[in-house]
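Engineer: sequence first, predicted coordinates after that:
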Amino acid sequence: MSMAIAAAKPGGADVLHKKEIVTAKPGKGEVLVRHSAIGVNFIDVYFRSGLYPWPVEKDLILGSEAAGTIVAMGEGVSEFNIGDKIAYTVPNGAYCQERIIEARHLVPLPEAIDVKVAAASMLKGLTAHYLLHRSFKVEKGQTVLFHAGAGGVGLIAGQWLAAKGVTAIGTAGGKEKCELAAKNGYAHMIDYMSEDFVERVKEITGGEGVDAVYDSVGKDTYPGSLNCLKTFGTLVNFGQSSGPALDFKLSDLAVGSYSVTRPILFHFTADREYLKQASSELFAMIEKGELKISVNQQFALEDAAKAHIALESRKTTGSTVLMP
Ligand SMILES: NC(=O)c1ccc[n+]([C@@H]2O[C@H](COP(=O)([O-])OP(=O)(O)OC[C@H]3O[C@@H](n4cnc5c(N)ncnc54)[C@H](OP(=O)(O)O)[C@@H]3O)[C@@H](O)[C@H]2O)c1
């Protein structure tokens with residue numbers, strides 16, 4: 001048996017409740033993992049609220065990122081052994097003490113990486129990886145705008161952009177968040193609660209605009225994000241923390257022959273070779289100290305609702321983990 005936190009039905013944080021689950025024997029290609037730390041992400045809020053379609057009728061166990069140890073193995077698993085430390089990111093099912101999962105989703109966790117750091121960076125770090133290497137492949141000397149720079153993905157992306165020689169302009173809500181993001185790679189920070197970020201981007205870039213905007217805020221920011229692009233620039237809309245960009249029209253791109261993409265991490269990580277290569281690059285950067293993972297909030301697993309309330313009300317910075 002394992003304790004899990006499930007959402008009874010789509011709704012607010014109050015739909016989250018404790019539930020005992022039976023962890024049966026792992027089947028072919030599967031392992032049983034005992035979690036050491038579980039990451040909290042905005043995608044958990046999208047599933048819980050019903051913004052994303054539910055894959056089950058009721059009692060959806062949320063959580064898309066965790067680190068732990070393999071405690072039992074099914075047939076046909078050749079890459080791992082009992083006792084191995086691993087990390088993974090898949091949609092849902094991680095808010096629990098133990099779970100069965102297909103081994104193809106796991107990556108080995110280097111000894112030097114703390115389980116909390118792994119649980120705080122697997123989904124967010126791989127997101128930063130594909131955004132910067134696949135969705136819009138940045139090059140040294142470019143300038144980009146990254147919204148919510150002080151958030152979980154934002155703090156990792158800022159450091160990674162700086163390491164690649166890209167000038168990162170960030171936005172965040174409030175002075176303290178801007179100060180934090182500025183210490184994590186952003187060359188310029190804009191407090192979009194009190195400043196017009198389009199005007200500020202124009203000032204910073206001498207009227208030229210940026211090569212790309214990485215926008216996970218959605219409804220409140222995407223019209224302004226388009227106005228920050230230089231001709232032929234790219235809008236990467238990878239989230240909607242303020243709500244989905246429902247009014248977007250393809251003709252909006254004609255102003256500057258812009259490109260737009262709406263990527264999802266799990267399409268990239270479905271390719272096992274990419275998953276292994278990107279996670280080993282991520283872990284290598286963490287081990288070398290080139291990426292610092294800020295685990296700024298920690299809650300007990302049974303207090304997952306408190307973590308959701310904090311994340312949704314913009315009270316968090318960096319990553320949040322749940323301890324089972
Ligand atoms: N597509 C993908 O593959 C993928 C993968 C991972 C994450 N994401 C997306 O990336 C974003 C960041 O994820 P995260 O887990 O690291 O979250 P996060 O950035 O730590 O938290 C979201 C941040 O969005 C900002 N925000 C702006 N308007 C908001 C509003 N109305 N309500 C709540 N927050 C608002 C807040 O920062 P400020 O107060 O500074 O504005 C908040 O802290 C999310 O939108 C998530 O869905 C997408």
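Structural biologist: Now that the structure is in, tell me what you want to look at.
Engineer: what's the domain layout of the protein?
Structural biologist: The chain is divided into the following domains under automatic domain parsing: 2-122+266-323, 140-262.
Engineer: so which of those gets nearest the ligand?
Structural biologist: domain 140-262 (1.9 Å; CB to the nearest ligand atom). Any C-beta I mention is one placed from the backbone N, CA and C, and that applies to glycine too.
Engineer: any part of the closest one near the ligand?
Structural biologist: Yes: remark: domain 140-262 sits within contact range of the ligand at 148, 150-154, 172-173, 177, 216-217, 220, 238-239, 241-242, by CB under 6 Å from any ligand atom.
Engineer: per-residue pLDDT of the residue most central in space within the chain, please?
Structural biologist: In the chain, the residue lying closest to the centroid (CA atoms, centre = their mean) is residue 124, at 3.1 Å. Residue 124 carries a pLDDT score of 98 in this model.
Engineer: what do you get for residue 93?
Structural biologist: Reported pLDDT for residue 93: 97.
Engineer: in the stretch 51-200 of the chain, which spans are strands?
Structural biologist: 60-61, 66-73, 85-88, 98-102, 106-108, 143-146, 167-172, 188-191 (DSSP state E, counting those that start in this stretch).
Engineer: point out where the stretch 1-150 of the chain drops to low pLDDT.
Structural biologist: In the prediction, the stretch 1-150 of the chain carries no residues with pLDDT under 70.
Engineer: and residue 45, that's in a strand?
Structural biologist: No: according to DSSP: H, G, I helix; E, B strand; the rest coil, the state of residue 45 is helix, so it is not within a strand.
Engineer: need the contact list for it.
Structural biologist: The contact partners of residue 45, by CB atoms under 8 Å, 6 or more residues apart in numbering, come to 51, 308, 311-312.
Engineer: so which elements touch the longest strand seen in the chain?
Structural biologist: Secondary structure of the chain per DSSP state E: the longest strand is strand 30-40. If contacts are counted by 3 or more CB pairs under 8 Å, 6 or more residues apart in numbering; DSSP states H and E, strand 30-40 sits against strand 66-73, strand 98-102, helix 115-130, helix 304-312, strand 319-323.
Engineer: buried members of the contacts of residue 45 into PyMOL, please.
Structural biologist: Buried members of the contacts of residue 45, defined by 16 or more other CB atoms under 10 Å, are picked up in PyMOL with:
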select buried, resi 308+311+312
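Engineer: out of the contacts of residue 45, who's near the ligand?
Structural biologist: 311-312.
Engineer: the nearest residue to residue 106 once chain neighbours are set aside: what's it in contact with?
Structural biologist: Spatial nearest neighbour of residue 106, excluding adjacent residues (CB to CB, 6 or more residues apart in numbering): residue 86 at 4.3 Å. The neighbours of residue 86, taking CB under 8 Å, 6+ apart as the test, are 33, 67-70, 80, 106-109.
Engineer: among those residues, who's most crowded?
Structural biologist: Counting neighbours by other CB atoms under 10 Å, the top entry in the contacts of residue 86 is residue 33, with 30 neighbours.
Engineer: OK, contacts around the nearest residue to it once chain neighbours are set aside?
Structural biologist: Take residue 33 and drop its neighbours on the chain: the residue closest to it by CB to CB, 6+ apart is residue 68, 4.7 Å away. Residue 68 makes contact with 33-37, 85-87, 115, according to CB under 8 Å, 6+ apart.
Engineer: what is residue 68 paired to in the beta sheet?
Structural biologist: Beta-bridge partners for residue 68, by DSSP bridges, are residue 35, residue 86.
Engineer: between the contacts of residue 86, which is nearest residue 234?
Structural biologist: residue 107 (28.6 Å; CB to CB).
Engineer: skipping its backbone neighbours, what lies nearest that closest one in space?
Structural biologist: Closest residue to residue 107 apart from its sequence neighbours, by CB to CB, 6+ apart: residue 279 at 4.4 Å.
Engineer: tell me where this structure has helices.
Structural biologist: Using DSSP state H, the helices of the chain run over residues 42-49, 115-130, 152-163, 175-182, 197-204, 222-227, 265-269, 272-287, 304-312.
Engineer: need these in TSV (columns: distance to residue 61).
Structural biologist: Listed next are the helices of the chain as TSV, based on distance: least, CB to CB, whole Å:
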stretch	distance to residue 61
helix 42-49	10
helix 115-130	16
helix 152-163	20
helix 175-182	31
helix 197-204	37
helix 222-227	31
helix 265-269	17
helix 272-287	22
helix 304-312	10
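Engineer: switch the domains of the chain over to TSV; also include distance to residue 131.
Structural biologist: As requested, those are exported to TSV (distance: least, CB to CB, whole Å):
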stretch	distance to residue 131
domain 2-122+266-323	10
domain 140-262	6
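Engineer: looking at these, which is closest to residue 128?
Structural biologist: domain 140-262 (4.3 Å).
Engineer: so how far does that closest one reach from one end to the other?
Structural biologist: 23 Å (CA to CA, to the nearest Å).
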